[in-house]
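[1] Coordinates for the following, if possible.
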Amino acid sequence: MWEDEKRDKLWEHKAKLSIDKLVDKNPSNTWMEIKMNYYNMMINEFESMPKERTAFFIQVNFSPVITLFRNEARSWMTKHGDVMRTLGIKDLDNIRKEIDEYRDKLSKVPDEIEDLKRMLNLISEIYNKSMIMEFRISDVTEKFRTLEMYNQVIDSD
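    Residues are numbered from 1 along each chain as shown. Model (predicted):
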């Protein structure tokens, strides 16, 4: 019952240390969602386990052990959620910054023909990047949707 290999992973110290490095690796949303789903399924499995078991004539209460395992799985899911939230906020800030830069450049009124040419080139550049920007926005939206799906805290900013 408790000697399962997947439960051993809950206590790996090296893995706990390496989870903070995930922000630098920028894993895909799919990979992060698979990890969060793995820990969510584990939490559900622990919650569905019987709290007491009878072995011959002794009744053993497993609720403290189950609670410990469930809390450890929640901790892992929260850590993965923190990584996803950090990546989502970082990506969102980059998108906002890029949009603000374009907005500032477009807000200037062209005085000369060269300024008008630059403005038209900028509009063309924005048009060419629009599909890439939509993908980036979709990626950020997916990150926050995943966080919401697994009941992770999302800042209102």
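[2] from here on, contacts and neighbour counts on C-alpha atoms
    Fine.
[3] Just give the number of residues close to Asp115.
    Neighbour count for Asp115, taken as other Cα atoms under 10 Å: 13.
[4] Adjust the sequence numbering to begin at 137 for everything that follows.
    With the count now opening at 137, the last piece we talked about shows up as Asp251.
[5] What residues sit buried inside whichever strand or helix holds it?
    With secondary structure defined by DSSP states H and E, Asp251 is part of helix 249-285. Across helix 249-285, burial judged by 16 or more other Cα atoms under 10 Å covers Met255, Met269, Arg272, Ile273, Asp275, Val276, Glu278, Lys279, Phe280, Thr282, Leu283.
[6] Could you find the closest non-adjacent residue to the second one?
    Read that as Met269. Ile231 (7.7 Å; Cα to Cα, 6 or more residues apart in numbering).
[7] At which residues are the helices of this protein located?
    141-144, 149-154, 158-161, 165-184, 199-243, 249-285 (DSSP state H).
[8] Reformat those helices as CSV; add mean pLDDT and distance to Ala191.
    Output for the helices of the chain, formatted as CSV (pLDDT from 0 to 100; distance: least, Cα to Cα, whole Å):
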stretch, mean pLDDT, distance to Ala191
helix 141-144, 67, 22
helix 149-154, 76, 33
helix 158-161, 87, 43
helix 165-184, 92, 19
helix 199-243, 93, 16
helix 249-285, 95, 39
